[in-house]
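*Asks:* Here you go, sequence then predicted model.
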Amino acid sequence: MSAALAPSWPGSRVLLGWWRELIGRQPQQLWFSRLLLHRVESLVRVTHTRSLDLWQRALLRLVHARIPRGPDPENYFADLQIDGQVLSQLIHQLTAAGLLHMNGAGTWDVTTAGRHALETGALATCSEERRTFYFVDNSELQCTPHFLSLRRLPRALASAPAPDVATWSFDLTCLEACIRQTSSWKTRYHFPADVEAFLPPLSNEPPATNWRRVVLDSPEQLPVVFLRAAGSPGEPTLLGFAARAEGWELEPEPILAFGEGWEEVLPNLAAEPSPQAWREAWQAWSAPRNLPLAEVEACRLERVDHRLLVHAPPPIIDRLRAARSDAVKQEAWLLAGSDRTRTAAQLELVPS
Amino acid sequence: MTQRERHTLDQGTPLDTTGAPQTGRSAPRSSHGAAQPALGDVSLWSEWYHRASPAQQNEMLSRASQQGILYAHQLAAPTHSTAPRRTALAALLNGHIQEMEPLHPPPLEYHDRQLDRTQRDAVDRALATPDLCLIQGFPGTGKSRIIAEIILQAAQRGERVLFLAPTAAALDRVLERLGSHPTVCPIRCLAPDEVPETLPACIVRLTMAGRLRSYQELTLPAARAARDAARQAYEVRLRERSLWTRLVEAAERQEQLAARLRMLTEHRAGLGAEGGCTDELAAPFRAQWDACAGARMENLDRLESQLAGLRAELDTIAGKQGHLENEWERIRPLAEARQHRRFWTATWWRARMQTGLAEQERDLEMRRAELHAARQRLEQDITARLAEYAAIEDHYAVECRRLKDAEIARRQAELDAEIAAVSREQDTLREQWRTTCQAFALGAAPTEMSRQATLAACATWEQQRQRDEQQAESAEQWLQATETGLRTAPERLAGCANVVAATTTTLPRDAHFGEHNGTPILFDVLILDETHQVTESEFATAARRARRWVLVGEPQTDAEHPSSAPRKAARAAVPQPGFFQRLWQNLHAEPHRLPFVWMQREDRLVCRLRSIPADHEKWIESEPIVDRPEIELRIVAAPRQTPQVAEVVFPAGIGIAEAKQFIFHELDELAVSTRARALGWSETDAGVVLEFVGPAVESDAAIAALEDGVCERVVCARPTDGIILWHTSHLQFARVAGWTLERAEQWVAEHLGLRSTGRTVLLTVPHRLDPPLAHFLSDLLFAGACEPLVAMFDSAGSQAPVEFVAVPPLASLENRHRPDTAPHCNGGESSHASGERGQAALSVRAPRLRSVKGGAGLEMDLADNRPLEHLPADLRALLPRQGVVNYLEARAVVKRLETLVDDVAFQAACERWQQRLVWSCEPGCGCPRPEHGPAIAVMALYSAQVELLRHLIRQTPALTKNEGVIEVGLPSAFHQRECLLACVSLTRSHTHRAVSYGDHPHVLTQALTRAASGLILFGDPGTLARRSQWHGPLDHLDETAAQGEGRIVSRLVHYLQGHGRHPASFHIQEGSGV
């Protein structure tokens, strides 16, 4: 395991740029997070529902309506003048899908599934697929990983620094629990509803077939700018935009969107940094600007919405004004926190 | 899951060769759009697994089973770093086949029951292979037949097949075999320059345009007709609905009438019964009846009263008579005593004493008489009255009967009228019923005229109506589906197709199956025919489309084989075989390339361990083995080279088994000598057998026990050139000694360096060719590799299948160059027509090519502006402006054809050939049998010569009559076809320099392999001889192609010189008679 490099964090100007870029979405709060993800590949059983093909449906109805004359499809539908080979394939498709079957008398019957398909016009089929699921690692807060629905594969997704072998793990019961969740839960967290079962490796299967059942967990890191928006009811209240570490460029469309319950997924976002954390952030911001430490420490800090009100003595304000600081123009931003997720706040100077 | 299922059900990710999802493709999207796009990215595990070595795979699988989950950091770097598929192909081409598990497929149930053992094996392996299967076959060995069977079997498994070939003819030949088999639904992709009108009907039908046309011209109208019929039937049903009310009413009325009739009939029958008519009396009858009864009563009353009076008088008289009798009784003893004078009695005395007794007695007598008379009179009156009474009663009875009879008659008449009316009504009803029933469709009308039956029939009719309604709806929906689907029919037909046939160049550009629009359709198996003509890049392009590959092609001709290059050419770059040949060389174990040779030389058995170059023979030294001095080692000790044991010579008396054991144990060599071109593994109850599959040899066998449970079966081959050769036919591994197939394979790989992947099949039985011709062509083109599994025919009494017509005659050539040589010419007599005489001539003074410096110079270049002396002006005008023609040779061809068509035996053979044409791929299709061509195929290597031949044949009446028998064309026109007899005009005849034959050596090979039983070559022997002496690049041919052609010509010249391997197959026709 190699040691992780110290990650860099966006500066005040970058945060200001993001805020301005996202202003159209009526932001109320801003966070920046380096999400640590479990990328879990596993074999699952999924159910597909698809509409019956026009020809298949018409043919199925024909079989359903016709008086059986014999098992030979060509004779059975001789009056249709449809190419025998094409007809055979259509029949084969219907039988393979379990919609038609040949009964004991050697004639074609529409199955129960076929009748259901005729009524609904849709066909449900099961298959086994290897799927990839992303879980956000919340081990910092001693929480279990939570399923994360990425709207699309972000360009900025990168392999995370190799985790500590001793601590990096993934409990497969998380995935199984997600599959067992109610449909409302799945809808809320955008867990794919077509996944029906998790298919773990079997002990007695030969490698030729068992290899597909192997579950693989890869750690991945995703820099995300989270935005709490004043959305109307029913719209997502928390949006996540992938950010590229190089140049801190935001992707235009969010890759994460949450309505209610986002606090469960990202508990570290829900936790407001302590006043001490804000004070440390204020001090860290002040340090390079050569502000007197005593005066800096004497400032009273107050959090209001996305802002950090700094009740500062006039000398500090005068000094910053003289230095044409962004803070005077209310364009200074800072990040508070010490873990992977940090809260952003706009610095606002208030004369004390 | 097959690609077909995947395509059909729109599920699953395409898999790579080992079943892994292919990279770079999206997984199916769920209806939930939020998570899926991110989930469809590359599967790291699949990618790693297919790049990893088996050891890495096993380690990770083991760890996964222990941990339940694998972590990415636990995956070691995979063995292969590049893309897996490209790596797999590159590895195969470079001979990295160690990781390939040997294939031992089970036998199948075959559609084509005439497949031979090797052909069936090819089908088994092609279907069982998880990655690749190579099938090599010489011309006529049934490759198309095998492909058709593979396609059928794959389609039967639900697999989608991509069938490619560089030429359309190869595709069509297989597709024609598939015909209209319901298991397959092929689509034949048309090349942009292909015109459907030029294709056979059964092939046009399989094109997308053909299927769409069928859809438009048959399916759509039929759907409309079906809809109309169903709708009409339903409307008829609806019209029938009102009839049921009438029928029910009629049935009910009928039942009422029947009851009424029954009642009337019963009533009428009851009229005659006693008292039966009194209940319902009509008024007239009752009046008469009452009058009659009244008169009777009146008379009877009168008589009763009279009788009563008379009976009263009679009673009175009777009383009086009683009284008189009493009086009489009182005096009767006195009177009797007195009357009988019984005076002795007291009575008499009393009578005497009584006075007036006599008077009293008389009075009593008189009164008695009076009363008696009165009584009689009364009694007579009473009797009279009683008689009158009876008469009245009788009269009354008679009158009653009369009245009753009259009344019955009247009532009967009334009932009869009523019954008749009811019957008439019934008849009317029945008629109405019949008419109504006739309005029903067949079978719908009630079986009988009753309410119950009518209601039952109505219920059945209602069910039928509902069914008709459903049918009408479904037919309507079907019509809508077909009409609506017309726009998308190509896509739907493409979805139905489980076999897509295209040329390698056509497929990428095909509108439906090409790669230009979105994600191309993937297939389960790619079958590539004529792979020997396909480039590696073409194959790589096609290979991306399928999970498994079955490559079918012809082996290299001997001329193309680098190892057989003449010494002069060896200095040049060794020609590189195509990718197909490289794959074959890497995957196919060729035991005949083993260096060992076992031979019997002067009673001593010799084992040659390695071939000895001729220039090394002088360095051979003999040396006895120290502990076995009778055995001699022959060691090649060339200067500056390590001495090597080249041969082991055994003393007389040591048998082959002992010698084999000696070599195996002492030299640690499994010295297998075989002509087999393939390994055949099989398992029996006793053990595992490795058969060296090759030409059959007939001789005694010997068994050499090599080690525990391993035996080598050796057979003695027929002596050739006086040398007896020993060949290994089998290696046997006994199961009791613990041998398994896997272990035996490993043992053979260790000892012989031969490892069969089970993915190659070599077809060597030329089914199309007659064995004599097959032997000749095998020698000419394939250095004897294409040997029929039958012994060489007995030449005695049979004619040679190959005839060479020398133009000009050999004699004239040799006279030109060697004036002392006498000409040998048999005057152009047909060897086919007079085989025995030809053979006699062959045996007596067979003409042969001797030293010739050059050709006769008979060829003419049409582009040459100089006047062409030998070519008639009228013909010149008909020929193209450029090209090479040989007029004399063309005339020789025509002359030979004339003799052929006049030959009765040949005519019979032609008829038999034509009869084999009676075949159709499907009902109504007039396609000829796919593999059949004309009886006589006349081929020339140049198109101008073809034109010349055509014109000459048209000008020959004897040949125009046989127009259907003879077809003229370039060899390519007979691609994938066969003929009974091929006439090949080689055309070239140059005076001094070497010239090429055709555009490519393949053209010559193609021309030579079209015939089934006979081949007639027309050529200038001198030009051939000159060509055989040239080994460098020639004309348009590069060095490789020129060498290939040169070797074929050289072998032909060998035959012309009388040195061919099968001289009995070859006959030189000295002169054409032209």
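*Replies:* Thanks, I have the structure now.
*Asks:* for the longest helix along chain B, the distance to its chain's centre please.
*Replies:* The longest helix of chain B (DSSP state H) is helix B:357-438. Averaging C-alpha positions (CA atoms, centre = their mean, to the nearest Å) puts helix B:357-438 98 Å from its chain's average.
*Asks:* Next: stretch B:495-515.
*Replies:* Per CA atoms, centre = their mean, the centroid offset for stretch B:495-515 relative to its chain is 25 Å.
*Asks:* start to end distance for that stretch?
*Replies:* 16 Å (CA to CA, to the nearest Å).
*Asks:* cool, and stretch A:136-150?
*Replies:* End-to-end distance (CA to CA), stretch A:136-150: 11 Å.
*Asks:* Show me the contact partners of that stretch.
*Replies:* Under the criterion CB atoms under 8 Å, 6 or more residues apart in numbering or on different chains, residues A:35-38, A:133-135, A:167, A:170-171, A:174-175, A:178, A:189-191, A:219, A:255-256, A:264-268, A:271, A:339-340, B:34-35, B:38 lie in contact with stretch A:136-150. Just so you know, the C-beta spots here come from the backbone N, C-alpha and C atoms, and that holds for glycine as well.
*Asks:* And the longest helix of chain B, what does it pack against?
*Replies:* On a contact count with 3 or more CB pairs under 8 Å, 6 or more residues apart in numbering or on different chains; DSSP states H and E, helix B:357-438 meets helix B:220-271, helix B:283-339.
*Asks:* quick one, the shortest one and helix B:357-438 angle?
*Replies:* Using axes from the mean of the first three to the mean of the last three CA atoms, to 10 degrees, the interaxial angle of helix B:220-271 with respect to helix B:357-438 works out to 170 degrees.
*Asks:* what do you get for the last one?
*Replies:* Using the same axes, to 10 degrees, the direction of helix B:283-339 lies 160 degrees away from that of helix B:357-438.
*Asks:* quick check: longest strand of chain A.
*Replies:* Assignment by DSSP state E gives strand A:27-51 as the longest strand of chain A.
*Asks:* near chain B, anything from that one?
*Replies:* Yes: Strand A:27-51 is in contact with chain B by CB under 8 Å from any CB of the partner chain, via A:Arg39, A:Glu41, A:Val46, A:His48, A:Thr49, A:Arg50.
*Asks:* Parallel or antiparallel, list what pairs with that strand.
*Replies:* When pairing is defined by DSSP bridges, strand A:27-51 lines up against strand A:122-136 (antiparallel), strand A:195-198 (antiparallel), strand A:216-229 (antiparallel), strand A:341-351 (antiparallel).
*Asks:* can you list those in a markdown table and add mean pLDDT?
*Replies:* As requested, those are exported to a markdown table (pLDDT from 0 to 100):
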| stretch | mean pLDDT |
| --- | --- |
| strand A:122-136 | 87 |
| strand A:195-198 | 92 |
| strand A:216-229 | 89 |
| strand A:341-351 | 92 |
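*Asks:* most neighbours per residue, which of those strands?
*Replies:* For the strands paired with strand A:27-51, the largest average neighbour count (mean count of other CB atoms under 10 Å in any protein chain shown) is found in strand A:216-229, namely a mean of 22.
*Asks:* hang on, the earlier thing: I'd like the next helix or strand past the longest helix of chain B.
*Replies:* Downstream of helix B:357-438, the next assigned helix or strand under DSSP states H and E is helix B:451-496.
*Asks:* Pull the contacting residues for the closest residue to B:Glu197 other than its chain neighbours.
*Replies:* Closest residue in space to B:Glu197, ignoring its immediate chain neighbours: B:Val204 at 7.9 Å, by CB to CB, 6 or more residues apart in numbering or on different chains. Shown in contact with B:Val204 (CB under 8 Å, 6+ apart): B:Pro196, B:Glu197, B:Gly210.
*Asks:* who wins for most neighbours among those?
*Replies:* Neighbour counts for the contacts of B:Val204 (other CB atoms under 10 Å in any protein chain shown) peak at B:Gly210, which has 20 neighbours.
*Asks:* What pLDDT is listed against that one?
*Replies:* pLDDT, B:Gly210: 89.
*Asks:* That one and B:Leu190 touch, don't they?
*Replies:* No: the pair B:Gly210 / B:Leu190 is not scored as a contact, 9.2 Å apart, by CB atoms under 8 Å.
*Asks:* Need the residues touching each of those two.
*Replies:* B:Pro196.
*Asks:* Could you list the contact residues of the stretch 251-352 of chain A toward chain B?
*Replies:* So far as CB under 8 Å from any CB goes, the stretch 251-352 of chain A lies against chain B at A:Ile255.
*Asks:* what residue ranges in the stretch 251-352 of chain A score low on pLDDT?
*Replies:* Applying pLDDT under 70 to the stretch 251-352 of chain A picks out no residues at all.
*Asks:* on that earlier part again, what average pLDDT does the longest helix of chain B get?
*Replies:* Mean pLDDT, helix B:357-438: 89.
*Asks:* export the strands paired with strand A:27-51 to TSV and tack on distance to B:Leu888?
*Replies:* Listed next are those as TSV, based on distance: least, CB to CB, whole Å:
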stretch	distance to B:Leu888
strand A:122-136	72
strand A:195-198	82
strand A:216-229	78
strand A:341-351	97
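*Asks:* Contacts only, for B:Tyr942.
*Replies:* Neighbouring residues of B:Tyr942 by CB under 8 Å, 6+ apart: B:Gly883, B:Val884, B:Val885, B:Leu970, B:Thr987, B:Gly998.
*Asks:* please redo it, this time with the cut-off set to 6 Å
*Replies:* Contacts for B:Tyr942 (CB atoms under 6 Å, 6 or more residues apart in numbering or on different chains) come out as B:Gly883, B:Val884, B:Thr987.
*Asks:* Quick one: neighbours of the nearest residue to it once chain neighbours are set aside, just the number.
*Replies:* Among residues not flanking B:Tyr942 along the chain, B:Val884 sits closest, at 4.8 Å (CB to CB, 6+ apart). Using other CB under 10 Å, B:Val884 has 21 other residues around it.
*Asks:* Now do B:Val884, the pLDDT please.
*Replies:* pLDDT, B:Val884: 88.
*Asks:* Can you verify my assumption that it contacts B:Leu862?
*Replies:* No: the criterion here is CB atoms under 6 Å, and B:Val884 misses it with B:Leu862 at 7.4 Å.
*Asks:* How many neighbouring residues does B:Glu298 have?
*Replies:* 11.
*Asks:* Pick out the residue nearest the middle of the chain.
*Replies:* Assuming you mean chain A. Residue closest to the average C-alpha location in chain A (CA atoms, centre = their mean): A:Ser149, at 2.1 Å.
*Asks:* I was after chain B.
*Replies:* B:His181 (5.6 Å).
*Asks:* Break chain A down into its structural domains.
*Replies:* A:20-45+A:128-270, A:53-120, A:275-351 (automatic domain parsing).
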